[in-house]
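Colleague: with the sequence up front, the predicted model follows.
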Amino acid sequence: MSKASSPASAKQQTIDLSTLSIQNLSAVKKQLDEELEHLTASFQKLRTAQAKFRECVKAIQNGVNPDMEGKTILVPLTQSLYVPGKLEDPKNVLVDVGTGYYVEKTTEKAILFYNNKIKAVGGNLDDLEKIITQKTQNVKVVEDVLRTKVLSGGPASSTS
């Protein structure tokens, strides 16, 4: 069994699981379980990012308007730390574009930016969900073959 090291070599290979020993099947199952755990964690992180982008859109739509100009508002510095500030320009906002860089954008362009991010992350989530479904099916197939071999007292020492 070799690990794929590049996208080109990540193509699926078909292996006759019945020819593998119980130890090899266990190793394959362990590897698939680890991959599934990693993919599931990545899926959850993407969902969290998408929710944060939605909150940004909501904050711009609800909190940045001409009625708030000059009024004191709470400005988030971190998830749990807010400081008082005044909204001086309700037509422009600073947008976090990643890695600590901020760009000034109009509220319309900021909303468009975040909506594009939401859409892109949504596409990644759809792709990742398909991969997770396939990996889950693969784990079930390996578990079934492993269970069958263990129950039948199949060859535990044959190697492939």
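Modeller: In hand now; what should we look at? The structure displayed is predicted, hence computed values, not measured ones.
Colleague: next one: stretch 134-141 to chain centre, how far?
Modeller: Computed by CA atoms, centre = their mean, to the nearest Å, the chain-centroid distance of stretch 134-141 equals 19 Å.
Colleague: same thing with stretch 107-124?
Modeller: Offset of stretch 107-124 from its chain centre (CA atoms, centre = their mean): 16 Å.
Colleague: quick one: contacts of the strand or helix carrying residue 94?
Modeller: Using DSSP states H and E, residue 94 maps to strand 92-98. With CB atoms under 8 Å, 6 or more residues apart in numbering as the contact definition, strand 92-98 has outside contacts at 60, 64, 102-107, 110, 113-114. For glycine as for every other residue, the C-beta is placed from the backbone atoms N, C-alpha and C.
Colleague: quick one: secondary structure of residue 86?
Modeller: Using DSSP: H, G, I helix; E, B strand; the rest coil, the structure places residue 86 in strand.
Colleague: what number of residues lie near it?
Modeller: By the measure other CB atoms under 10 Å, the count of residues near residue 86 is 11.
Colleague: and the gap between it and residue 74?
Modeller: Using CB to CB, to the nearest Å, one gets 11 Å for the distance from residue 86 to residue 74.
Colleague: what does residue 32 give?
Modeller: Distance, residue 32 to residue 74, using CB to CB: 46 Å.
Colleague: for residue 78, phi and psi?
Modeller: Phi and psi for residue 78, reported as degrees, to the nearest 10, are phi -140, psi -170.
Colleague: neighbours of it, just the number please.
Modeller: By other CB under 10 Å, 6 other residues sit near residue 78.
Colleague: what about it, distance to residue 72?
Modeller: Per CB to CB, residue 78 is found 19 Å from residue 72.
Colleague: cool, and residue 53?
Modeller: In this view, residue 53 and residue 72 are 26 Å apart by CB to CB.
Colleague: show me which of these two is the more surrounded one.
Modeller: Higher neighbour count among residue 53 and residue 72: residue 53, with 20 against 10, using other CB under 10 Å.
Colleague: residues touching residue 56, list them.
Modeller: Neighbours of residue 56 in contact, by CB under 8 Å, 6+ apart: 110, 114.
Colleague: in which helix or strand does it reside?
Modeller: Per DSSP H and E: residue 56 is located in helix 22-63.
Colleague: and the angle for that helix with strand 92-98?
Modeller: Computed by axes from the mean of the first three to the mean of the last three CA atoms, to 10 degrees, the angle separating helix 22-63 from strand 92-98 equals 170 degrees.
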